[in-house]
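>>> Let's see this in three dimensions:
(one chain, ligands or ions: 2)
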Amino acid sequence: MSAADRADSTDTRPVRTAAVIPAAGRGVRLGPGAPKALRALNGTPMLVHAVRAMAASRAVSLVVVVAPSDGATEVRRLLDAHPLAESVAEKTEVVVVPGGQTRQESVRLGLAALPEDVTVVLVHDAARPLVPVDVVDAVAGAVRAGAPAVVPALPLADTVKQVEPRPGGEPEPVVGTPERARLRAVQTPQGFDRATLVEAHERVELAGEGATDDAGMVERIGRDVVVVPGHEEAFKVTRPLDLVLAEAVLARRRANDGF
Ligand SMILES: Nc1ccn([C@@H]2O[C@H](COP(=O)(O)OP(=O)(O)OP(=O)(O)O)[C@@H](O)[C@H]2O)c(=O)n1
Ligand SMILES: C[C@](O)(CO)[C@H](O)COP(=O)(O)O
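Numbering: from 1, shown residues only. Ligands and ions are numbered 1, 2, ... in the order given. All right, here's what the predicted structure looks like:
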């Protein structure tokens, strides 16, 4: 077992942690352009930032990138053109597989590419390129400590209303106001004991309601999920304004590095 395969010096279990990065989305909400994961932030593709963020964790020794179904070759080329730092590349293999029509399907395809010795899986959106390594480590550490499913999350700033959806911008009747103090906005990476996540992907149908996150699928099969603190820089790049925020975060990091 290499140093990368141990969370810390007291953990001697044969644990290998891999990150699956679903990056096959089109980015419709971001507006016209290349697939979202391939768009640049500060001159570097979002996906490259996301791969670096996961590989920065000592725990992660394999990254599986799930590319747009018609774009695996282009993504491989892109990653080769933006190699990891030598010390990180030594402990981290990066492979690319083609994705599917939905996030759920893409994650399932990424899981299918994992070698047998991987026991802990982190699933991380390419669309969350700026997640700090401390969050990755905290999630991986909690799974290695025995939790079957771990999600990083933050308290909400807004009050949330449950509504009766109406098409076409009609006013929507409010049916409830969940107690905000008990709500959390969930981020990635979400971490899992591999067997638990694979079982969830086998049992939760791709058709029908689907699932917007992996932890939700684990909940549906009746397993426990726990929350650890997320980070405001782990936000998801979804709409155009998020690109402005991401560039600002990178500029702040550059300025801090300069001092
Ligand atoms: N078929 C899909 C759809 C989404 N994703 C990935 O899942 C993550 C979260 O999805 P989201 O932010 O919704 O990305 P998009 O689906 O690209 O966005 P949109 O809904 O605006 O098209 C992203 O990293 C995205 O690339 C994926 O791998 N395969
Ligand atoms: C997984 C996720 O990022 C957790 O908040 C989110 O559910 C992804 O949703 P999307 O609609 O696929 O962006």
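>>> can you pull the pLDDT of the residue of the stretch 1-150 of the chain found nearest ligand 1?
Per Cβ to the nearest ligand atom, G25 is where the stretch 1-150 of the chain lies closest to ligand 1, at 2.0 Å. Any C-beta I mention is one placed from the backbone N, CA and C, and that applies to glycine too. Predicted confidence (pLDDT) for G25: 96.
>>> pretty sure it is in a helix, no?
No: secondary structure assignment (DSSP: H, G, I helix; E, B strand; the rest coil) places G25 in coil, not in a helix.
>>> Excluding chain neighbours, give the residue nearest to it in space.
Excluding the flanking residues, the one nearest G25 by Cβ to Cβ, 6 or more residues apart in numbering is K36, at 5.6 Å.
>>> got it, and A153?
Spatial nearest neighbour of A153, excluding adjacent residues (Cβ to Cβ, 6+ apart): R184 at 3.7 Å.
>>> Tell me the bridge partners for that neighbour.
Taking DSSP bridges, one obtains P155 as the residues bridged to R184.
>>> Can you name the residues that contact it?
Taking Cβ atoms under 8 Å, 6 or more residues apart in numbering, we find R184 in contact with 153-156, 227.
>>> re earlier: what about the residue of the stretch 1-150 of the chain closest to ligand 1, how many neighbours?
Using other Cβ atoms under 10 Å, the number of residues around G25 comes to 20.
>>> my guess is E219 meets V225, correct?
Yes: taking contacts as Cβ atoms under 8 Å, E219 lies within contact range of V225: 5.6 Å.
>>> Select only the buried ones of the contacts of R184 in ChimeraX?
Filtering the contacts of R184 down to the buried ones (16 or more other Cβ atoms under 10 Å) takes a single ChimeraX command:
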select :153,154
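>>> of all the contacts of R184, which two lie farthest apart?
Within these, L156 and V227 form the most distant pair, 12.9 Å apart (Cβ to Cβ).
>>> From G216, how far off is P45?
Applying Cβ to Cβ, to the nearest Å, the value for P45 to G216 is 28 Å.
>>> again but with V226, I slipped
14 Å.
>>> can you check V163 too?
For V163, the distance to G216 equals 20 Å [Cβ to Cβ].
>>> picking that back up, higher neighbour count, P45 and G216?
Between P45 and G216, P45 has the larger neighbour count (other Cβ under 10 Å), namely 24 against 19.
>>> For burial, what's the neighbour tally of the closest residue to that one other than its chain neighbours?
With Cβ to Cβ, 6+ apart as the criterion, P45 has its nearest non-adjacent residue at 5.2 Å, and that residue is L38. Neighbourhood size, L38 [other Cβ under 10 Å]: 20.
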